[in-house]
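**Student:** after the sequence you'll find the predicted model.
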Amino acid sequence: MTESTFIGQDARPAPVGPMAVLLAAAIAAAGLAVVTDGAVRALCTGLAVSLVASILWIAARDRLQRLQDRRDLQSLLRIAALGFDPLVLTDIDGHICHANAPARDAFGEIENTPLSQVLGTRFATPGGTLRGMMASATGAGTATHEILAAESHLRLSVLASGARFLWRLELIGAVTAPEADTPLAGLCGLTADDSGRIMVANAALRRVSPTLPDTLADLVIDPPFRSGDVHLVRLGAQGVPCRIMPVAESNTGTSYVLVPAATVKSDWTVLDSLPIPVIRLWPDGLVISANAAAVALFDPGTPWPGRFPDLVEGLGRPIEEWLRDVTEGRGAGQPQVLRARTEKADQFLQVTLRPYEAEEGRALLAVLTDATELKSLEAQFVQSQKMQAIGQLAGGVAHDFNNLLTAISGHCDLLLVNRDAGDPEFGDLMQISHNANRAASLVRQLLAFSRTQTLELAALDLRDTLAEMAHLLNRLVGERIQLVQRHDPALALIRGDQRQVEQVLMNLVVNARDAMPDGGEIRIETAMRRLTQAMTRNRATVTPGDYVTVTVSDEGVGIPPDRLDQIFEPFFTTKRPGEGTGLGLSTAYGIVKQLGGFIFCDSIVGSGTRFTLYFGAHCEAAAPAAPTVVPARSPLDVPDRAGVVLLVEDEAPVRAFAARALRMHGHVVLEAGNAEDALKLLDDPAMAIDVFVTDVVMPGLDGPAWVKRALRARPDTRVIFVSGYSEETVSRQRAEIAGSVFLPKPFSLTQLTEAVAQQIT
């Protein structure tokens, strides 16, 4: 198992218990704020804001903790790589997650195996021994236990780090003593906690010094101890000059290697075998030398030695100033995440600088860690937050525009009632109506992106949908482009909105057309696909099941890889200025996601692009459309029975249009600008009301709330909800109100009057 694979499995979900409680409390407080007024409303609003802030703080704290756990895990893996003894890393249940090379040589391929099972061949009761050692290490940091077995002498040591445990499995009987004239033939290493207490020492160090002092300060003969400096170290019965250098850190301590001063060369060859990227440099930024692991991080053509400021960027201030500060003792050991100057698009390094005294003078030691995955996670989090905010903004803007468009198109309809095509103003009014409809179409795209548009779901056969669109699509692509369709004869139905699915397909075909200015072929293919296991692509997981797939592919210029992650963002476009709005793909994405589907893009620059859509297969058969004859009717046709309508709308222009339209059809209209005024009108029990026509979102009580109150005394009154938001915002409340219907904004004069007529009939 590689380090990157193992780290990828360390993601732990954030606790949902407290978050769920806080979220429920915030919703309850927000609900109280809506239904109350005065000081109680202010108190509830403040409480709701405080609870939401708490939820955000807890989420941020948990995310930072998970990132810290990942860094600690990387440090433990580096410690294991430096060990000469068998070292294994287990989780809290005792399962082996990682084993270093000596452990695999001694015990075989033991990853994903319980440690108790591995040691079961060495002694009789490994389970209880391991649990006791883990409990001791959790409290004290480390624990040691020796087992005298028939075959060998086994010494177990464990280092606790959060929910991870690093085990040393020392086979005493299998160790051969080093030659007498090479007391430091191996690289000596140890791990000490933040107070300097020695917790772990590797085999090479114990061979030359079987008895070690308790702390780093006692290990050196010439205190005070300073990491990176040359000290006279107690090794065996003599003092040996060694440089003690930090190589890895975790939340439980720091790992050091002891390099004899006599072997410290100016070319730093003794560190070349370490798996930790290390660079030695002067305070002015000139690189003295770098080990093989550090050289591998950068491009093959990078000159060595060179200048450290030419290797990294992104500190926010000159790199030379940072080097000078660390040299003078300010900020030593504090890691910084910098961007590497490499051919890779985004490669980030965590750099830790420490000063030390070299033979030639004061120098700096830079320990590097690849932080690209960490920065990628941060970027994904920021991107998801940005997309959520844009979606909420789009939904709010679309709601306000729907109110304006309702008033514009409605009053235009009123002016057209008494005019025919011969009227000199008829053309101007039709232009207003036409452009209002165009604006409504743009608003629907915004709602599609925010996934809040109203859908009319039905069982669809995509073969029929594409057949009906064939003439329109051929006109769109032009004569130089050939449109080819191929369908699976066993294609299942999907559940979707006919108009919205057509919008998605049209947007994809138009994009394919624009990608082929010199002509070519666009292929639209449908097929059935069964997933027996979950498929993960682009941070989306498609669950197992039967899916109807649609692919739209072209032979165009393609999309660069660095832009593929941005193509579904609103207003992002690869076209030249004036050639596109940047809403086509974001609209398609929003519609597909709202229908419960998935959309993926594959592209090769110069070869073409392929969009693949996944829709869940729908088992219900499509009901044949019954032929209906709709008689032609004028906007002034009087309904079968006029009635009394209570119109509740907080937008005055919308209310004025709706009231005039209903009165023109013979209805008696009572108007109210909010729910409270409507309830006052209903205080008179003698007042008969046939229909409530109410907006959903209003200041104070919303539409469903006041209607429920009114229906207690008038249970037979019919209800029409109108809103610029989607039907989903009122679907649950509307389900509790028998006989209610939903009329989305913007609506025309005819749509309003027909809805009222149907409710009264």
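**Tutor:** Cool, the structure landed. Keep in mind that what you see is a predicted model, and the values were worked out from it rather than measured.

**Student:** now do the contacts for Met469.
**Tutor:** Counting by CB atoms under 8 Å, 6 or more residues apart in numbering, Met469 touches Glu502, Leu505, Met506. Backbone N, C-alpha and C define where each C-beta goes, glycine included.

**Student:** pretty sure Ala103 is touching Cys97, no?
**Tutor:** No: look at Ala103 against Cys97 with CB atoms under 8 Å: they stay out of range, at 12.0 Å.

**Student:** look at those two and report which has more neighbours.
**Tutor:** Taking neighbours as other CB atoms under 10 Å, Ala103 and Cys97 compare with Ala103 leading, 24 against 19.

**Student:** continuing past whichever strand or helix holds that one, what's the next helix or strand?
**Tutor:** Using DSSP states H and E, Ala103 falls within helix 101-107. Downstream of helix 101-107, the first helix or strand assigned by DSSP H and E is helix 115-119.

**Student:** could you point out which element follows that following helix?
**Tutor:** Following helix 115-119 in sequence order, the next helix or strand is helix 126-140 (DSSP H and E).

**Student:** ok, residues contacting that next one?
**Tutor:** In contact with helix 126-140 (CB under 8 Å, 6+ apart) are residues 92, 94, 115-116, 119-120, 123, 143, 145, 147, 156, 158-160, 165.

**Student:** which one of these has the most neighbours?
**Tutor:** For the contacts of helix 126-140, neighbours were counted using other CB under 10 Å, and Leu115 has the most, 26 neighbours in all.

**Student:** give me the pLDDT for that one.
**Tutor:** The model reports Leu115 with a pLDDT of 86.

**Student:** same question for Trp57.
**Tutor:** pLDDT recorded at Trp57 is 68.

**Student:** for Thr753, same thing?
**Tutor:** 89.

**Student:** buried set for the helix or strand it falls within?
**Tutor:** In this structure, Thr753 is located in helix 749-760 according to DSSP H and E. Within helix 749-760, the residues scored as buried using 16 or more other CB atoms under 10 Å are Leu749, Leu752, Thr753, Glu754, Ala755, Val756, Ala757, Gln759, Ile760.

**Student:** equivalent analysis for stretch 301-320, please.
**Tutor:** Under 16+ other CB under 10 Å, the buried positions of stretch 301-320 are Thr302, Phe308, Pro309, Leu311, Val312, Ile319.

**Student:** and of these, the nearest to Val592?
**Tutor:** Minimum distance to Val592 across those is 40.9 Å, recorded for Val312 (CB to CB).

**Student:** surely that closest one meets Pro318?
**Tutor:** No: between Val312 and Pro318 there is no contact under CB under 8 Å: 11.8 Å.

**Student:** give me the common contacts of those two.
**Tutor:** Taking CB under 8 Å, 6+ apart as the contact rule, Val312 and Pro318 touch no residue in common.

**Student:** what about Glu321, which SS state?
**Tutor:** Three-state assignment for Glu321 (DSSP: H, G, I helix; E, B strand; the rest coil): helix.

**Student:** do you know how far it is from Gly285?
**Tutor:** From Glu321 across to Gly285, the span is 10 Å (CB to CB, to the nearest Å).

**Student:** of the two, who's got more company?
**Tutor:** Taking neighbours as other CB under 10 Å, Glu321 and Gly285 compare with Gly285 leading, 19 against 10.

**Student:** roughly how far does that one sit from Pro355?
**Tutor:** 14 Å.

**Student:** anything in contact with each of the two?
**Tutor:** With CB under 8 Å, 6+ apart as the test, Gly285 and Pro355 reach no residue in common.

**Student:** flag every buried residue along stretch 740-749.
**Tutor:** So, applying 16+ other CB under 10 Å, buried residues of stretch 740-749: Ser740, Phe742, Leu743, Pro744, Lys745, Pro746, Phe747, Ser748, Leu749.

**Student:** which ones are touching the last one?
**Tutor:** Under the criterion of CB under 8 Å, 6+ apart, the contact partners of Leu749 comprise Gly410, Asp413, Leu414, Val417, Pro635, Phe657, Ala661.

**Student:** how does it look with 10 Å?
**Tutor:** Neighbouring residues of Leu749 by CB atoms under 10 Å, 6 or more residues apart in numbering: 409-414, 416-417, 635-636, 657-658, 660-662, 664-665.

**Student:** which among those residues end up buried?
**Tutor:** Looks like these have 409-414, 416, 635, 657-658, 660-662, 665 buried, using 16+ other CB under 10 Å.

**Student:** I'd like the residues you listed as a markdown table, with secondary structure, pLDDT and distance to Met430 appended.
**Tutor:** Shown next, in a markdown table, are the buried ones among the contacts of Leu749 (DSSP: H, G, I helix; E, B strand; the rest coil; pLDDT from 0 to 100; distance: CB to CB, whole Å):
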| residue | secondary structure | pLDDT | distance to Met430 |
| --- | --- | --- | --- |
| Ser409 | helix | 80 | 12 |
| Gly410 | helix | 79 | 15 |
| His411 | helix | 83 | 14 |
| Cys412 | helix | 84 | 9 |
| Asp413 | helix | 83 | 11 |
| Leu414 | helix | 82 | 14 |
| Leu416 | helix | 81 | 8 |
| Pro635 | coil | 43 | 14 |
| Phe657 | helix | 88 | 18 |
| Ala658 | helix | 90 | 22 |
| Arg660 | helix | 89 | 20 |
| Ala661 | helix | 88 | 18 |
| Leu662 | helix | 90 | 24 |
| His665 | coil | 86 | 22 |
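
**Student:** out of the residues you listed, who's nearest Arg480?
**Tutor:** Among these, Ser409 lies closest to Arg480 (CB to CB), at 38.0 Å.

**Student:** what's the closest non-adjacent residue to the closest one?
**Tutor:** Using CB to CB, 6 or more residues apart in numbering and skipping the chain neighbours, the partner closest in space to Ser409 is Ala436 (4.2 Å).

**Student:** same check on Asn507?
**Tutor:** Spatially, and ignoring its direct neighbours in sequence, Asn507 is nearest to Gly584 (4.2 Å; CB to CB, 6+ apart).

**Student:** give me phi/psi at Arg155?
**Tutor:** In terms of degrees, to the nearest 10, the main-chain angles of Arg155 are phi -110, psi 120.

**Student:** that one pairs with what?
**Tutor:** Note on Arg155: beta-bridge partners Glu146, Glu170, judged by DSSP bridges.

**Student:** wait, isn't Gly700 in contact with Ala672?
**Tutor:** No: the pair Gly700 / Ala672 is not scored as a contact, 11.4 Å apart, by CB atoms under 10 Å.

**Student:** comparing those two, which shows the higher neighbour count?
**Tutor:** Each of Gly700 and Ala672 has its neighbours counted (other CB under 10 Å); Ala672 has more, 21 against 16.
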